[in-house]
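Enquirer: Okay, here's the prediction I keep looking at, along with the sequence it came from:
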Amino acid sequence: MSDISRREVLRQLAAAIVSASAIDRVAAQEVHQMVSASGVGSSSGTYIPMALTTHEYATVERLADLIIPVENGKPGALQAGVPGWIDMLAGANDQLHATYTKGVAWLDVAMTTHGVPDFLSAAPGLQTALLDTIAYRKNSTPELAGGIEFFNWARRMTVDGFYTSRVGMRDIYLGNTPQATFAVPQEAIDYAVKRSGL
(Lines give C-alpha, C1' and ligand atoms only; values in the text may rest on other atoms or scores of the structure.)
Protein backbone atom coordinates (compact mmCIF):
# COMPACT_ATOMS: atom_id res chain seq x y z
CA MET A 1 0.00 0.00 0.00
CA SER A 2 1.47 3.39 -0.95
CA ASP A 3 1.78 6.30 1.48
CA ILE A 4 -0.83 8.26 -0.44
CA SER A 5 -3.44 5.52 -0.17
CA ARG A 6 -2.60 4.96 3.50
CA ARG A 7 -3.08 8.62 4.20
CA GLU A 8 -6.35 8.58 2.28
CA VAL A 9 -7.60 5.54 4.23
CA LEU A 10 -6.76 7.24 7.52
CA ARG A 11 -8.36 10.51 6.45
CA GLN A 12 -11.58 8.89 5.26
CA LEU A 13 -11.98 6.64 8.29
CA ALA A 14 -11.26 9.47 10.74
CA ALA A 15 -13.77 11.68 8.90
CA ALA A 16 -16.41 8.91 9.11
CA ILE A 17 -15.84 8.55 12.84
CA VAL A 18 -16.02 12.30 13.42
CA SER A 19 -19.19 12.61 11.35
CA ALA A 20 -20.72 9.69 13.31
CA SER A 21 -21.45 7.79 10.14
CA ALA A 22 -20.90 4.08 9.67
CA ILE A 23 -17.24 3.20 9.41
CA ASP A 24 -15.78 1.24 6.54
CA ARG A 25 -14.74 -2.13 8.00
CA VAL A 26 -12.10 -2.70 5.33
CA ALA A 27 -10.55 0.73 5.91
CA ALA A 28 -10.58 0.08 9.67
CA GLN A 29 -8.75 -3.20 9.12
CA GLU A 30 -6.17 -1.44 6.96
CA VAL A 31 -5.51 0.99 9.81
CA HIS A 32 -5.01 -2.00 12.14
CA GLN A 33 -2.45 -3.36 9.66
CA MET A 34 -0.69 0.03 9.60
CA VAL A 35 -0.52 0.05 13.40
CA SER A 36 0.97 -3.45 13.39
CA ALA A 37 3.49 -2.50 10.75
CA SER A 38 4.52 0.68 12.56
CA GLY A 39 5.45 -1.28 15.70
CA VAL A 40 7.69 -3.64 13.73
CA GLY A 41 10.35 -0.98 13.23
CA SER A 42 10.60 0.09 16.88
CA SER A 43 13.27 -1.33 19.15
CA SER A 44 10.65 -2.82 21.50
CA GLY A 45 8.39 -4.06 18.70
CA THR A 46 5.49 -2.09 20.16
CA TYR A 47 3.51 0.79 18.74
CA ILE A 48 4.99 4.24 19.30
CA PRO A 49 2.35 7.00 19.44
CA MET A 50 2.47 9.50 16.60
CA ALA A 51 -0.34 11.93 17.43
CA LEU A 52 -0.89 11.73 21.17
CA THR A 53 1.71 12.51 23.81
CA THR A 54 3.11 9.64 25.84
CA HIS A 55 0.84 10.53 28.76
CA GLU A 56 -2.24 10.89 26.56
CA TYR A 57 -1.50 7.57 24.87
CA ALA A 58 -1.01 5.79 28.21
CA THR A 59 -4.36 7.21 29.35
CA VAL A 60 -6.04 5.97 26.16
CA GLU A 61 -4.48 2.55 26.80
CA ARG A 62 -5.95 2.49 30.31
CA LEU A 63 -9.38 3.60 29.05
CA ALA A 64 -9.39 0.94 26.33
CA ASP A 65 -8.45 -1.69 28.90
CA LEU A 66 -11.28 -0.59 31.20
CA ILE A 67 -13.81 -0.50 28.35
CA ILE A 68 -12.95 -3.92 26.86
CA PRO A 69 -10.77 -5.82 29.34
CA VAL A 70 -9.42 -9.34 29.06
CA GLU A 71 -12.28 -11.58 30.22
CA ASN A 72 -12.60 -15.35 30.57
CA GLY A 73 -9.35 -15.86 28.70
CA LYS A 74 -10.52 -13.78 25.74
CA PRO A 75 -8.31 -10.87 24.67
CA GLY A 76 -9.33 -7.28 25.25
CA ALA A 77 -8.82 -3.93 23.54
CA LEU A 78 -5.10 -3.79 24.32
CA GLN A 79 -4.43 -7.12 22.65
CA ALA A 80 -6.41 -5.90 19.62
CA GLY A 81 -4.17 -2.83 19.28
CA VAL A 82 -7.03 -0.37 19.83
CA PRO A 83 -4.94 2.42 21.43
CA GLY A 84 -2.61 2.52 18.40
CA TRP A 85 -5.62 2.46 16.09
CA ILE A 86 -7.08 5.47 17.91
CA ASP A 87 -3.75 7.32 17.89
CA MET A 88 -3.25 6.77 14.17
CA LEU A 89 -6.74 8.09 13.41
CA ALA A 90 -6.25 11.06 15.75
CA GLY A 91 -3.12 11.90 13.76
CA ALA A 92 -5.21 12.03 10.58
CA ASN A 93 -7.96 14.32 11.87
CA ASP A 94 -7.47 17.54 13.84
CA GLN A 95 -10.93 17.41 15.41
CA LEU A 96 -10.36 13.86 16.64
CA HIS A 97 -6.93 14.78 17.94
CA ALA A 98 -8.38 17.75 19.83
CA THR A 99 -11.13 15.54 21.26
CA TYR A 100 -8.58 13.17 22.79
CA THR A 101 -6.22 15.90 23.96
CA LYS A 102 -9.03 17.80 25.69
CA GLY A 103 -10.65 14.61 26.98
CA VAL A 104 -7.52 13.28 28.64
CA ALA A 105 -6.93 16.74 30.15
CA TRP A 106 -10.51 16.69 31.49
CA LEU A 107 -9.96 13.29 33.12
CA ASP A 108 -6.72 14.50 34.70
CA VAL A 109 -8.34 17.66 36.10
CA ALA A 110 -11.28 15.63 37.43
CA MET A 111 -8.85 13.45 39.37
CA THR A 112 -7.12 16.43 40.98
CA THR A 113 -10.33 17.04 42.97
CA HIS A 114 -9.62 13.68 44.63
CA GLY A 115 -6.04 14.68 45.46
CA VAL A 116 -4.53 12.64 42.64
CA PRO A 117 -2.28 14.31 40.04
CA ASP A 118 -3.89 12.61 37.02
CA PHE A 119 -6.16 9.79 35.85
CA LEU A 120 -3.33 7.28 35.48
CA SER A 121 -2.10 7.86 39.05
CA ALA A 122 -5.54 7.18 40.53
CA ALA A 123 -6.42 3.86 42.10
CA PRO A 124 -8.44 1.54 39.82
CA GLY A 125 -11.55 2.00 41.97
CA LEU A 126 -11.36 5.76 41.63
CA GLN A 127 -10.84 5.47 37.87
CA THR A 128 -13.90 3.26 37.41
CA ALA A 129 -15.98 5.46 39.75
CA LEU A 130 -15.26 8.47 37.53
CA LEU A 131 -16.01 6.51 34.36
CA ASP A 132 -19.25 5.19 35.88
CA THR A 133 -20.29 8.80 36.45
CA ILE A 134 -19.48 10.02 32.93
CA ALA A 135 -20.73 6.89 31.16
CA TYR A 136 -24.33 8.10 31.18
CA ARG A 137 -25.79 11.23 29.63
CA LYS A 138 -28.43 11.28 32.39
CA ASN A 139 -25.64 12.39 34.77
CA SER A 140 -24.94 15.45 32.63
CA THR A 141 -24.16 18.67 34.45
CA PRO A 142 -22.14 21.62 33.17
CA GLU A 143 -19.13 20.26 35.08
CA LEU A 144 -19.45 16.73 33.66
CA ALA A 145 -20.45 17.62 30.08
CA GLY A 146 -16.89 17.58 28.71
CA GLY A 147 -16.13 14.25 30.35
CA ILE A 148 -19.36 12.66 29.17
CA GLU A 149 -18.75 13.79 25.59
CA PHE A 150 -15.17 12.52 25.65
CA PHE A 151 -16.04 9.16 27.20
CA ASN A 152 -18.74 8.68 24.57
CA TRP A 153 -16.04 9.13 21.88
CA ALA A 154 -13.55 6.89 23.67
CA ARG A 155 -16.09 4.13 24.26
CA ARG A 156 -17.37 4.21 20.67
CA MET A 157 -13.91 4.22 19.13
CA THR A 158 -12.70 1.47 21.45
CA VAL A 159 -15.61 -0.74 20.44
CA ASP A 160 -15.20 0.15 16.74
CA GLY A 161 -11.46 -0.49 16.92
CA PHE A 162 -11.87 -3.76 18.78
CA TYR A 163 -14.55 -5.29 16.57
CA THR A 164 -12.79 -4.34 13.34
CA SER A 165 -9.54 -5.99 14.49
CA ARG A 166 -8.71 -9.65 13.89
CA VAL A 167 -8.92 -10.29 17.63
CA GLY A 168 -12.34 -8.67 17.89
CA MET A 169 -13.71 -10.40 14.82
CA ARG A 170 -12.70 -13.75 16.30
CA ASP A 171 -14.65 -12.76 19.41
CA ILE A 172 -17.80 -12.54 17.29
CA TYR A 173 -17.24 -15.31 14.75
CA LEU A 174 -14.95 -18.26 15.22
CA GLY A 175 -15.33 -19.26 11.59
CA ASN A 176 -15.35 -22.70 10.13
CA THR A 177 -12.82 -24.36 12.37
CA PRO A 178 -12.27 -28.09 12.48
CA GLN A 179 -13.37 -29.87 15.63
CA ALA A 180 -11.44 -32.83 17.06
CA THR A 181 -14.65 -34.46 18.24
CA PHE A 182 -18.34 -34.04 17.67
CA ALA A 183 -20.60 -34.07 20.69
CA VAL A 184 -24.06 -35.27 19.76
CA PRO A 185 -26.60 -32.74 21.06
CA GLN A 186 -28.73 -35.38 22.77
CA GLU A 187 -31.29 -32.84 24.01
CA ALA A 188 -31.94 -31.69 20.43
CA ILE A 189 -32.23 -35.27 19.15
CA ASP A 190 -34.62 -36.24 21.96
CA TYR A 191 -36.74 -33.18 21.23
CA ALA A 192 -36.83 -33.90 17.47
CA VAL A 193 -37.74 -37.56 18.04
CA LYS A 194 -40.47 -36.60 20.50
CA ARG A 195 -41.94 -34.07 18.07
CA SER A 196 -41.74 -36.44 15.09
CA GLY A 197 -43.87 -39.13 16.67
CA LEU A 198 -41.34 -41.89 15.92
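Expert: Nice, thanks for sending it over. Numbering: from 1, shown residues only.
Enquirer: Lowest mean pLDDT among the helices and strands, pick that one out for this structure.
Expert: Comparing every helix and strand of the chain by mean pLDDT, DSSP states H and E singles out helix 3-18 as the least confident one, with a mean of 53.
Enquirer: quick check, Pro119 in a helix?
Expert: Residue 119: Phe, not Pro. No. When classified by DSSP: H, G, I helix; E, B strand; the rest coil, Phe119 is found to be coil rather than part of a helix.
Enquirer: That one is in contact with Leu107, isn't it?
Expert: Yes. With contacts defined as Cβ atoms under 8 Å, Phe119 counts as touching Leu107 at a distance of 4.1 Å. C-beta: built from backbone N, CA, C; applies to glycine.
Enquirer: and for these two, which residues touch both?
Expert: Counting by Cβ atoms under 8 Å, 6 or more residues apart in numbering, the common neighbours of Phe119 and Leu107 are Thr59, Leu130.
Enquirer: With adjacent residues omitted, what lies nearest to the most centrally placed residue in the chain?
Expert: When Cα atoms, centre = their mean is applied to the chain, the residue found nearest the centroid is Thr158 (1.9 Å). Spatial nearest neighbour of Thr158, chain neighbours left out: Ile67 (4.4 Å); criterion: Cβ to Cβ, 6 or more residues apart in numbering.
Enquirer: which residues touch Ala122?
Expert: Under the criterion of Cβ under 8 Å, 6+ apart, the contact list for Ala122 reads Met111, His114, Val116, Leu130.
Enquirer: Whichever of these end up buried, select them in ChimeraX.
Expert: Selecting only the buried entries of those in ChimeraX, with 16 or more other Cβ atoms under 10 Å as the criterion:
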select :111,116,130
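Enquirer: Could you list which of the contacts of Ala122 belong to helices?
Expert: Met111, Leu130 (DSSP state H).
Enquirer: Which one among the contacts of Ala122 sits at the bottom for pLDDT?
Expert: Least confident entry in the contacts of Ala122, by pLDDT: His114, with 92.
Enquirer: Name the nearest residue to that residue, ignoring sequence neighbours.
Expert: Distance criterion Cβ to Cβ, 6+ apart; nearest residue to His114, sequence neighbours excluded, is Leu126 at 6.0 Å.
Enquirer: That'll do, ta.
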